[in-house]
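Engineer: Fold the stuff below for me.
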Amino acid sequence: MEQKSGTGNVAAPHLASSDVGNRRHQIFPTLSEDQFDILLRYGERRHFAAGEVLFRQGERHIATFVIISGAIEIERGSALGATVIGTHGPGMFTGEMGAMAGRAAVATARVVADSELIVISEDSLRTLVISEAELSETIMRAFILRRVVYMSDQTGGVVVFGQRDSQETLILRHFLNRNGQPAAYFDTDTDSEAQALMSRFGVQPQDIPAVVTISGEVLRRPTLRQVADGIGISPDGIDGRLFDVVVVGAGPAGLAAAVYAASEGLTVAVLDAKAPGGQAGASSKIENYFGFPTGVSGQALAGRGLSQARKFGAEVAVPVKVSAVNCESPEYDIQLDSGEKLRARSIVIASGARYRKPNLPGLERFEGRGVYYSASFMEANFCANEEVVIVGGGNSAGQAAVFLSQHAKHVHIVVRSSGLAASMSRYLIQRIEASPRITLHTHKQIVELRGGDRLESICWQSAGGEAREAPARHLFLFLGAEPSTAWLGDCVALDDKNFVLTGPDVPSERWPLERPRHFLETSRPRIFAVGDVRSGSVKRVAAAVGEGSAAVASLHQALASDLL
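Structural biologist: Reported below is the predicted structural model:
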């Protein structure tokens, strides 16, 4: 049922999540006449007749509308149908975080009574939130919380058909979830409605996974970029542009660099192949990050960083994969796998590292079918009330063990060493030791995976011992780190493990200028490396954020001296 706002008989839009119900006044604030005067400096006053559509769900680069008088009806839908979720009345305004970046509208707005509105363009809105601190706080908080609400609402958004034991389906669902895109998911093996809906949209078994956009377009076994294009979250204005800074990787280090660079007036593009947050974005809870004594999920932290970056005008482009870099010209040329190109006066390498795959025969056959590299709520649902095995002794493995122990019947941690003290934070070790649902197995390694269509058992052995088979339908791998540096070619100097060398670690013969290199600068002037991809970095979120911000200070100096 719709709840009444403080403006006559106008109803505020219905909240899909009860968790934020008590924050309704922040999600749908009512602005004052004094605030109207400020808004009119950035927009124009216009009259609209009842029945006019201000924007439709899926349209990009829409304006923000503030109601002086009248009412606007908000409707959200999918290919399965549309629902009116409420009405905005005087003092209220449209929009959410996507409006800051020209992304697709998440709802349709229609005038239902003759109205007088303030119309604020996308560019003017960005100027407003930077220039007007108090009003910016109100607008940004509402935009962020609205996005949280929309993420939990499956009645509007895309429809996904997939299979539980499918790596392609898992990748697709992770992409949508981590990019804040609600989806109605139907498992073709277990959902009774799936077959009828597939017939309705003409989806065949060989099309799985399939995505149905809000317009009814069916994307059959799509790439992530095809999905992003279909739902309006891919970048549409970076091809051919010159940026002061291009950040490759949208993890904590990359987003921090983007926030500091954009806030200081530099033009910034952030490119990431998957989603904001990087490896940290998949963490269920980070409890040792400064300022969050009760912990913060990786996705929440990434969402806040993304909002900050976009507030200051950074273009955060997802899913965008860099295929090559031409480092020979003063302005670096960056080639994307989509065929798009852009140029950069400087580059921040923040592409991070990925978990190493062990040399196990048949490993790829079981990926998504019992073998996983992250432990989100999706994977937790797969292994509810079943036993799981985690391989790895770092913080990511520890966080996964603690999280999965709340869902699984029992969690087994397997490490080749004598314990966890050398590689895991003490608070996680204490949590593991205190849990009756977690068992640590030391001096062991997995040597074989067995199963048919999916993982059914593992073979593990102690040093010098015989291999023993144990039933295992869910195996989580958190092994070491391999840097994501293949896209760099021979552009910058790397160490023997392919991490990027910076500062004093760069061989003197690789440095071409007379000026000294900055601490985070690579063997190429104005190309910096930060976070997990950097040789010798501290593999912690706080360290990555610090390096991202520190690189921008040095980058300013390099730009000033090198491009005079």
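Engineer: list the contacts for residue 336?
Structural biologist: Going by C-beta atoms under 8 Å, 6 or more residues apart in numbering, residue 336 touches 271, 320-323, 342. Where C-beta positions appear, they are placed from N, C-alpha and C, glycine not excepted.
Engineer: just for the stretch 301-450 of the chain, where's the confidence low?
Structural biologist: For the stretch 301-450 of the chain, applying pLDDT under 70 flags no range at all.
Engineer: quick one, strands of it?
Structural biologist: Applying DSSP state E, counting those that start in this stretch to the stretch 301-450 of the chain gives strands spanning 315-317, 322-326, 332-336, 341-349, 353-354, 371-372, 387-391, 410-414, 438-441, 444-451.
Engineer: for the helix or strand hosting residue 110, packing partners?
Structural biologist: Per DSSP states H and E: residue 110 is located in strand 108-120. In terms of contacts (3 or more C-beta pairs under 8 Å, 6 or more residues apart in numbering; DSSP states H and E), strand 108-120 is packed against helix 33-39, strand 44-48, strand 53-55, strand 64-78, strand 81-88.
Engineer: how about a cut-off of 7 Å?
Structural biologist: helix 33-39, strand 44-48, strand 53-55, strand 64-78 (3 or more C-beta pairs under 7 Å, 6 or more residues apart in numbering; DSSP states H and E).
Engineer: Can you add distance to residue 160 and give the strands of the stretch 301-450 of the chain back as TSV?
Structural biologist: Shown next, in TSV, are the strands of the stretch 301-450 of the chain (distance: least, C-beta to C-beta, whole Å):
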stretch	distance to residue 160
strand 315-317	23
strand 322-326	27
strand 332-336	26
strand 341-349	31
strand 353-354	25
strand 371-372	19
strand 387-391	25
strand 410-414	29
strand 438-441	33
strand 444-451	26
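Engineer: of all the ones you listed, which lies closest to residue 25?
Structural biologist: Proximity to residue 25, assessed across the strands of the stretch 301-450 of the chain by C-beta to C-beta, is greatest for strand 315-317 (29.1 Å).
Engineer: which stretches of this structure have low pLDDT?
Structural biologist: For the chain, the stretches with pLDDT under 70 are 1-21, 154, 563-564.
Engineer: change it to 80
Structural biologist: Within the chain, the set of residues satisfying pLDDT under 80 comprises 1-22, 151-156, 463-464, 562-564.
Engineer: Can you name the residues in contact with the strand holding residue 110?
Structural biologist: By C-beta atoms under 7 Å, 6 or more residues apart in numbering, the surrounding residues in contact with strand 108-120 are 36, 39-40, 42-57, 63-75, 87, 94, 128.
Engineer: Now, of the residues you listed, which are buried?
Structural biologist: 36, 39, 42-43, 48, 54-57, 63-68, 70-75, 87, 94, 128 (16 or more other C-beta atoms under 10 Å).
Engineer: Adding distance to residue 536, write the helices and strands packed on strand 108-120 out as a markdown table.
Structural biologist: Formatted as a markdown table, the helices and strands packed on strand 108-120 follow (distance: least, C-beta to C-beta, whole Å):
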| stretch | distance to residue 536 |
| --- | --- |
| helix 33-39 | 48 |
| strand 44-48 | 54 |
| strand 53-55 | 49 |
| strand 64-78 | 45 |
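Engineer: So which elements touch the longest helix belonging to the chain?
Structural biologist: Criterion DSSP state H: the longest helix present in the chain is helix 541-562. Counting contacts by 3+ C-beta pairs under 7 Å, 6+ apart, helix 541-562 packs against helix 252-263, strand 341-349, strand 527-529.
Engineer: from the chain's centre, how far out does it sit?
Structural biologist: 22 Å (C-alpha atoms, centre = their mean, to the nearest Å).
Engineer: Show the end-to-end separation of stretch 476-496, please.
Structural biologist: One end of stretch 476-496 to the other measures 27 Å (C-alpha to C-alpha, to the nearest Å).
Engineer: and what of stretch 43-54?
Structural biologist: 15 Å.
Engineer: export the helices and strands packed on helix 541-562 to JSON lines and tack on distance to residue 295?
Structural biologist: As requested, the helices and strands packed on helix 541-562 are exported to JSON lines (distance: least, C-beta to C-beta, whole Å):
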{"stretch": "helix 252-263", "distance to residue 295": "15"}
{"stretch": "strand 341-349", "distance to residue 295": "28"}
{"stretch": "strand 527-529", "distance to residue 295": "29"}
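Engineer: Just tell me which of those ends up closest to residue 416.
Structural biologist: With respect to residue 416, and counting by C-beta to C-beta, the nearest of those is helix 252-263 at 28.6 Å.
Engineer: Please enumerate residues in contact with the next helix or strand after that closest one?
Structural biologist: Downstream of helix 252-263, the next assigned helix or strand under DSSP H and E is strand 268-271. Contact with strand 268-271 is made by 238, 243-248, 250, 254-255, 258, 261-262, 309, 314-317, 320, 322, 342, as judged by C-beta under 7 Å, 6+ apart.
Engineer: Direction included, what does strand 268-271 pair against?
Structural biologist: Here strand 268-271 has these sheet partners by DSSP bridges: strand 242-248 (parallel), strand 315-317 (parallel).
Engineer: for the ones you listed, which one sits closest to residue 542?
Structural biologist: Smallest distance to residue 542 across the strands paired with strand 268-271 (C-beta to C-beta): 18.5 Å, for strand 242-248.
Engineer: thinking again about what came up before, quick check: which of the strands of the stretch 301-450 of the chain is nearest to residue 519?
Structural biologist: strand 341-349 (13.6 Å).
Engineer: And that closest one, what does it pack against?
Structural biologist: By 3+ C-beta pairs under 7 Å, 6+ apart, strand 341-349 packs against strand 242-248, strand 332-336, strand 527-529, helix 541-562.
Engineer: Need those in TSV (columns: distance to residue 380).
Structural biologist: As requested, these are exported to TSV (distance: least, C-beta to C-beta, whole Å):
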stretch	distance to residue 380
strand 242-248	31
strand 332-336	34
strand 527-529	34
helix 541-562	22
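Engineer: Any idea which of those gets closest to residue 196?
Structural biologist: Residue 196 sits nearest to strand 332-336 of all those, at 39.5 Å, using C-beta to C-beta.
Engineer: among the strands of the stretch 301-450 of the chain, which is nearest residue 529?
Structural biologist: strand 341-349 (4.3 Å).
Engineer: Tell me the buried residues in the closest one?
Structural biologist: Neighbour-count burial for strand 341-349 flags 342-349 (criterion: 16+ other C-beta under 10 Å).
Engineer: For burial, what's the neighbour tally of the nearest residue to residue 410 once chain neighbours are set aside?
Structural biologist: Leaving out its chain neighbours, the residue that sits closest to residue 410 by C-beta to C-beta, 6 or more residues apart in numbering is residue 387, at 4.8 Å. Residue 387 has 17 neighbouring residues, counting by other C-beta atoms under 10 Å.
Engineer: ok, back up a step: out of the helices and strands packed on strand 108-120, which comes closest to residue 501?
Structural biologist: For those, the distance to residue 501 is smallest for strand 64-78, at 45.8 Å, taking C-beta to C-beta.
Engineer: which helices and strands does the closest one pack with?
Structural biologist: Going by 3+ C-beta pairs under 7 Å, 6+ apart, strand 64-78 lies up against strand 81-88, strand 108-120.
Engineer: Can you give me the end-to-end span of stretch 113-127?
Structural biologist: By C-alpha to C-alpha, the extent of stretch 113-127 from end to end equals 30 Å.
Engineer: how far out from the middle of the chain is that stretch?
Structural biologist: Taking C-alpha atoms, centre = their mean, one finds the center of stretch 113-127 at 28 Å from the center of the full chain.
Engineer: Quick check: buried residues in that stretch?
Structural biologist: 113, 115, 117-120, 122, 124-126.
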